[in-house]
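Engineer: just a sequence and a predicted model for now, questions to come.
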Amino acid sequence: MATSSDAGDEINDPGAAPYGNFINYYTFNPPENRLSLIPATLLEDLGYSDSRNEATLILDVGCNSGELSVAFYKHLVQKPGEDSHQSKVHLLGFDLDENLIQRAQQTNPYHGSITFISLDITENTNSLQDYLSQHSCSRFHLCLCLAVTMWVHLNHGDSGLLQLLSRLASISQHLLLEAQPWKCYRSAARRLRKLGRSDFDHFKTLKIRGDIAGHAREHLEKHCGMELIQSFGSTAWDRQLLLFRQR
């Protein structure tokens, strides 16, 4: 959890949050950076139309203060003149930072359709299973994992990264993945050192390096029963948006 002094550091250097839990993340990486690459018809394209009897569930991993979750929901779900509260699409966003989740909950305009909870996916996924059970679903229809992999990788090592991907694949029908490239790892480590903090525990011992998105794809396809079905190109920060689905 960030202390007040940590928060001051993050304002001066927003890349210094050790778990990616930036207090002002969407001021320097606004939702439009991703949404401009994603078609508004994505859910329909994946076969999740309004005519389906069951709800469509979206999971946002590491949702921070919720701005992207809400913008993503509006982008895909809310059509002009429609009341999104009547939609069968429900989004669950979670983050390990309770302060960020409180902000997300307070500013959430879609309480009937969007839910935010505090959760560390590396420790416990019971809340995710409970949410699925409440909606009588075995998987989330679409999981967003955007700029999260590096933080799990740096804090929990190679095994932590692979376990994250395996867990998400096990509870998702489709997975939209944005993995930070290796240059971001070096920058994150450099920023911590610049602030006089100790380095990430696993940074120097990681064996998964270089093409992180390629490594993630290989694991998902070889070990998780998923396949890459589309690339939506790269964001302004040169990060690929890759869409996988269960075979």
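Structural biologist: Everything's here; your move.
Engineer: mind checking the SS state of the residue nearest to residue 235 when sequence neighbours are not counted?
Structural biologist: Spatially, and ignoring its direct neighbours in sequence, residue 235 is nearest to residue 33 (5.1 Å; CB to CB, 6 or more residues apart in numbering). Using the backbone N, CA and C atoms, a C-beta is placed for each residue, glycine as well. Applying DSSP: H, G, I helix; E, B strand; the rest coil to residue 33 yields a three-state assignment of helix.
Engineer: stretch 26-33: end-to-end distance?
Structural biologist: This stretch, stretch 26-33, spans 10 Å end to end (CA to CA, to the nearest Å).
Engineer: what's the local residue count around the residue nearest to residue 235?
Structural biologist: Using other CB atoms under 10 Å as the criterion, residue 33 is surrounded by 17 other residues.
Engineer: next, the buried residues of the helix ranked longest in the chain.
Structural biologist: Longest helix of the chain, by residue count under DSSP state H: helix 149-170. By neighbour count with 16 or more other CB atoms under 10 Å, helix 149-170 contains the buried residues 149-157, 160-162, 164-165, 167-169.
Engineer: one more: stretch 234-247?
Structural biologist: The neighbour-count check on stretch 234-247 (16+ other CB under 10 Å) flags 235, 239-245 as buried.
Engineer: distance check, residue 34 against residue 72.
Structural biologist: Between residue 34 and residue 72 the distance, using CB to CB, to the nearest Å, works out to 8 Å.
Engineer: cool, residue 218 as well?
Structural biologist: With distances taken as CB to CB, residue 218 is found 27 Å from residue 72.
Engineer: over to residue 146?
Structural biologist: Per CB to CB, residue 146 is found 9 Å from residue 72.
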